[in-house]
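1. give me a model of this one.
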Amino acid sequence: MSEFLQHLINMLVLGGTYALLGIGLTLIFGIMNVVNFTHGVLYTFGAYIMFIVVQQFGLNFFLALPVAVLAGWLLGAAIELTLLRPLRGSDIDTTMLVMIGAWIAMQSGTLWIWGGVAKSVATPFPEAPLVLGPVSVSWLRLFVLAAAAMLILVTYLLINKTSLGRAMRATFQDHDTASLMGVNVDMIYTSTFAIGSSLAAAAGALLGPVYVIFPQMGDLAAVKAFAIVILGGLGNITGAVIGGFILALAEELGAGYVSSGYRDAMGFLIIIAVLIFRPTGLFARAERVG
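-> Next comes the predicted model:
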């Protein structure tokens, strides 16, 4: 029983960051109809920003997270303005090819700048874990869980309680009608891509200190983000959150009760089952609503 509780604790930590990845990706696809192949590189970018701010500039660890989120927002806005806006109206195949090229170029640039040696980020948390009865959890992982939960809540409030979120949801429903009603669709697309990118960067900034940082770390994260979106249903933010925790639970139980080598495989077995029996996702809605 204690082992199961420990896996649940680990699942909460992973699930929060997976949810951030899934929300960012499903926002971009749902509103812009763009398959963002740079999502994993943005995750890596957030981790490296955390490393630069903490290790090279010597700034406060807790201030590094908002810096990484802001940097991800700015990079996402730049990608949308320079690569996606000129392709507005192009078919999805062309956009996909451009985004694949951007992913390869950005990852190669990261490897050229930092090399292949893994980096680590020092944290201010004590090494001794917090012990709660039969389970224990590191203070760093508790911080990751709390920060991820806060970012998920902020994203929910942004989309559901602000004028920007209302405009995003209107664009999601019908961008032509939203434009006729006075919504600046170009601004909404840029904001959407920037927000989705900042969430990916936040996930990387949170998990970077937990593990190690290297240029290809975002590849598997990107694949998992796509898996989460498939689980939750394209364009469904609530589904992306739940899908993130489902994937994290599958990984933890697979690693704990089958083999650690099957950690990633267990989650994708679920994805295969979902695609076979419910191709639209577990939480897809019958109509196009945000």
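2. okay, and the helix or strand of this protein with the least pLDDT?
-> helix 263-277 (a mean of 78; mean pLDDT, DSSP states H and E).
3. for that helix, which outside residues touch it?
-> The set of residues external to helix 263-277 that reach it, using C-beta atoms under 8 Å, 6 or more residues apart in numbering, is 220, 224, 227, 230-231, 246-247, 250-255, 258, 281-282. Every C-beta, even on glycine, is put in place using the N, C-alpha and C of the backbone.
4. one more time with 7 Å
-> 220, 227, 230-231, 247, 250-251, 253-255, 258, 281-282 (C-beta atoms under 7 Å, 6 or more residues apart in numbering).
5. ok, residue 238 - contacts?
-> The neighbours of residue 238, taking C-beta under 7 Å, 6+ apart as the test, are residue 283.
6. and it, what element?
-> Per DSSP states H and E, residue 238 falls inside helix 237-257.
7. in that helix, what counts as buried?
-> 237, 239-256 (16 or more other C-beta atoms under 10 Å).
8. ok and that helix relative to helix 263-277, angle-wise?
-> Going by axes from the mean of the first three to the mean of the last three C-alpha atoms, to 10 degrees, helix 237-257 is angled at 130 degrees with respect to helix 263-277.
9. how far is helix 237-257 from where the chain is centred?
-> 14 Å (C-alpha atoms, centre = their mean, to the nearest Å).
10. wait, residue 103 sits on residue 41?
-> Yes. Distance between residue 103 and residue 41: 5.5 Å, which falls inside the contact criterion (C-beta atoms under 7 Å).
11. tell me which of these two has more neighbours.
-> Neighbours were counted for residue 103 and for residue 41 using other C-beta atoms under 10 Å; residue 41 has more, 32 against 20.
12. what's the helix or strand for that one?
-> helix 39-51.
13. mean confidence for that helix?
-> Averaging pLDDT along helix 39-51 yields 96.
14. who touches it?
-> Residues external to helix 39-51 that are found in contact with it (C-beta under 7 Å, 6+ apart): 21, 24-25, 64, 67-68, 71-72, 75-76, 103, 106-107, 110, 114, 119, 121, 197, 200-205, 208-209, 213, 215, 217-219, 221-222, 225.
15. and the helix or strand following that helix, what does it pack onto?
-> Next along the chain after helix 39-51, taking DSSP H and E as the criterion, comes helix 61-79. Packing partners of helix 61-79 (3 or more C-beta pairs under 7 Å, 6 or more residues apart in numbering; DSSP states H and E): helix 39-51, helix 185-207.
16. now helix 61-79 - C-alpha only, CSV.
-> Output of helix 61-79 as CSV, limited to C-alpha atoms (Å, rounded to 0.1, in the frame of the first residue of the first chain):
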residue,chain,number,x,y,z
PHE,A,61,15.9,30.1,-8.0
PHE,A,62,12.3,31.2,-7.5
LEU,A,63,12.6,34.2,-9.8
ALA,A,64,14.1,32.0,-12.5
LEU,A,65,10.7,30.3,-13.2
PRO,A,66,8.8,33.5,-14.2
VAL,A,67,11.9,34.5,-16.3
ALA,A,68,11.6,31.2,-18.1
VAL,A,69,7.9,31.6,-18.7
LEU,A,70,8.4,35.1,-20.0
ALA,A,71,11.3,34.0,-22.3
GLY,A,72,9.1,31.2,-23.6
TRP,A,73,6.3,33.7,-24.3
LEU,A,74,8.6,35.9,-26.2
LEU,A,75,10.1,33.1,-28.3
GLY,A,76,6.7,31.8,-29.1
ALA,A,77,5.5,35.2,-30.2
ALA,A,78,8.6,35.5,-32.4
ILE,A,79,8.0,32.1,-34.0
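17. with that, I have no additional questions.
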